[in-house]
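Chemist: Sequence first, predicted model second:
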Amino acid sequence: MALGETILELRKSRNMTQKELAGDQITRNMLSAIEHGTAVPSLQTLQYIADKLRVSPAYLLADDRERAAFGTAEAMNRISQARKDGDYILCRELCKGVGGRSEITEAVVLDCDFMIAKDAFAHGELRKAEGLFADIYARDSEKRYASVCAAYSSCLSDISPSLDNDLPAEGDTPAGLADSFTLYYFYYRITAEKKHPLLQYADEYAGRHSADRDIFMAHIYARLLMLKGMFAEAAASLRVTADTFRDIPIPVMYFMSGDLEICCRESGDFKGAYEYSGLRRDLYERFLR
């Protein structure tokens, strides 16, 4: 492809008019002549056009084979930046647009899909999350996400049988649960039993004396208080947790509201129990929309 054709194609791909590309450095007539191959730009003009199109001058001068290599490198840079910025939807679309997709880009797409599924889960879009986790599990040939997807699936089915996507249940140990929520949920289930054999590990996880306790650890700490019959203390801890942490995942708020209902009822605060029961019911209805 000739230099002028390359400039024309790039300008159109970026939805730029000749006026926008020409700016105040060259005339539209000169740009038109360059694009149609009847004029050759000076080095200064070539650099200016390349900067406006966000490519290098070498890219504009390269042949088709060299330009394909340049294009892949540029796309990978944009993929890396989108991933760094947390724009996982853009990142996966950029990956899908790379010609001759590799195992690396396929792995990045899988990573992005997992982050999108986690975001849907955290925002209470559980039906969407259910489908995404099942799809990730099916496409994950190396099973990098097998344990984590199974753990999310278990949580979804525990919230409602209608959210069961038939993934294998996660194991009886936290091995492989590198994701913070699934590790939390593992201990959430352990603290449902007073004599669970792994209860001591839940106590260590909660970090009872840690100033760095996060939302997940704080909830498990409150549940350990509940196991000891300290319902008023657990309720106070849960309320402080809810007031302290921002952006609490909605499923976690659902579990916390259930525990607050129990704590209020056991400590004689029936009005509070009624209010938290209503909150839990509202969240459940939201999950199933």
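Modeler: Cool, the structure landed. Numbers count the residues shown, from 1 in each chain.

Chemist: Buried residues, stretch 2-12. List them.
Modeler: Neighbour counts over stretch 2-12 (16 or more other CB atoms under 10 Å) mark 3-4, 6-8, 10-11 as buried. Every residue, glycine included, has its C-beta placed from N, CA and C.

Chemist: Residues touching that stretch, excluding its own?
Modeler: Applying CB atoms under 8 Å, 6 or more residues apart in numbering, the external contacts of stretch 2-12 come out as 1, 18, 21, 34-37, 40-41, 49, 53, 55, 60-61, 67.

Chemist: and the least confident of these?
Modeler: Lowest pLDDT among the contacts of stretch 2-12: R67, with 62.

Chemist: Over to L288: give its phi and psi.
Modeler: phi -90, psi 0 (degrees, to the nearest 10).

Chemist: no wait, Q25
Modeler: When read as degrees, to the nearest 10, the backbone of Q25 gives phi -100, psi -30.

Chemist: okay, the buried residues of stretch 2-12 in CSV with distance to K84 next?
Modeler: As requested, the buried residues of stretch 2-12 are exported to CSV (distance: CB to CB, whole Å):
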residue, distance to K84
L3, 33
G4, 35
T6, 29
I7, 30
L8, 32
L10, 24
R11, 28
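
Chemist: which among these gets closest to V148?
Modeler: L10 (40.9 Å; CB to CB).

Chemist: how about the nearest residue to V148, chain neighbours excluded?
Modeler: The spatially closest residue to V148, leaving aside those adjacent along the chain, is D179, at 4.8 Å (CB to CB, 6 or more residues apart in numbering).

Chemist: give me the number of residues near that neighbour?
Modeler: D179 has 17 neighbours, counted by other CB atoms under 10 Å.

Chemist: what residue of this protein is the furthest out?
Modeler: When each C-alpha in the chain is compared with the mean C-alpha position (CA atoms, centre = their mean), T38 comes out farthest, at 49.6 Å.

Chemist: Over to that residue: give its phi and psi.
Modeler: Main-chain torsions, T38, degrees, to the nearest 10: phi -100, psi 0.
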